[in-house]
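> sequence and computational prediction follow.
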Amino acid sequence: MMNETAHFTGHRWQDLNGKDPQDNFELLVHSRNIVIDLIENHGVTRFYSGMAIGYDLWMAKIIIALRRDHYPHIKLLCAIPCKGQWEAWVDYNPEDVYEWMRVFEEADEIERVYDGKYERWVLPNRNTYMVARSAYTIAAWDEKESGGTFDCLTKARKKGRMITRINPKTNEIIKENW
């Protein structure tokens, strides 16, 4: 089943090209095309989102749209890092909470990685969880060697996963371990 599974990792919208998906249009089109290639040419049917604001949620919405419009057999799996993941965002931006809840409701499977409340280690723990269950990694990464996306890519590299990276600033696509 692992060979049928991919996961997403990427920056929050603050580290991309802004909050509006239109400002990240090329990144998202490239990402969608990578997903379609995985479905059509590599037999991938299961896609994990870590459900963070930004790239994770945008990719979850792309999977929902692809499932609805073209590939009814694919599944969106949400790897929730902890209980109440969205609660930290309520005062920050209610629209983000609403978007998170819509994706949550349309997911095929919800997998809570840790049953407690947020602690500093739960996000790296969620990354380990997704990497362990996926043969493929799709990343929106600006090549900054710190943060959650870097952590997830480091884990994927150590496990020999097939990685497709897209630089959100240049839209360059790089494949590793293919």
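Yes, it's here. All values derive from a computational prediction rather than experimental measurement.
> is Ala79 in a helix, a strand, or coil?
strand (DSSP: H, G, I helix; E, B strand; the rest coil).
> for it, the count of nearby residues, please.
23 (other CB atoms under 10 Å). Placement of C-beta: from N, CA and C, glycine included.
> surely it and Val131 touch.
No: applying CB atoms under 8 Å, one finds Ala79 not in contact with Val131, separated by 10.3 Å.
> between those two, which contacts overlap?
Shared contacts of Ala79 and Val131, defined by CB atoms under 8 Å, 6 or more residues apart in numbering, are found at His7.
> Gly43 - how many residues pack around it?
For Gly43, using other CB under 10 Å, the count is 10.
> hang on, I meant Val44
For Val44, using other CB under 10 Å, the count is 21.
> for Ile39, give me its contacts.
Thr45, Leu66, Tyr71, Ile74.
> got the residue ranges for the strands in this structure?
5-10, 46-49, 75-80, 109-112, 136-140, 162-166, 173-176 (DSSP state E).
> quick one: Met1 from Tyr48, how far?
12 Å (CB to CB, to the nearest Å).
> between these two, point out the one with more neighbours.
The neighbour count for Met1 versus Tyr48, taken as other CB under 10 Å, is higher for Tyr48 (30 against 8).
> what pLDDT does the more buried one get?
We note a pLDDT of 98 for Tyr48 in this prediction.
> you'd agree it is up against Thr9?
No: the criterion here is CB under 8 Å, and Tyr48 misses it with Thr9 at 9.4 Å.
> anything in contact with each of these two?
In contact with both Tyr48 and Thr9: Met130, using CB under 8 Å, 6+ apart.
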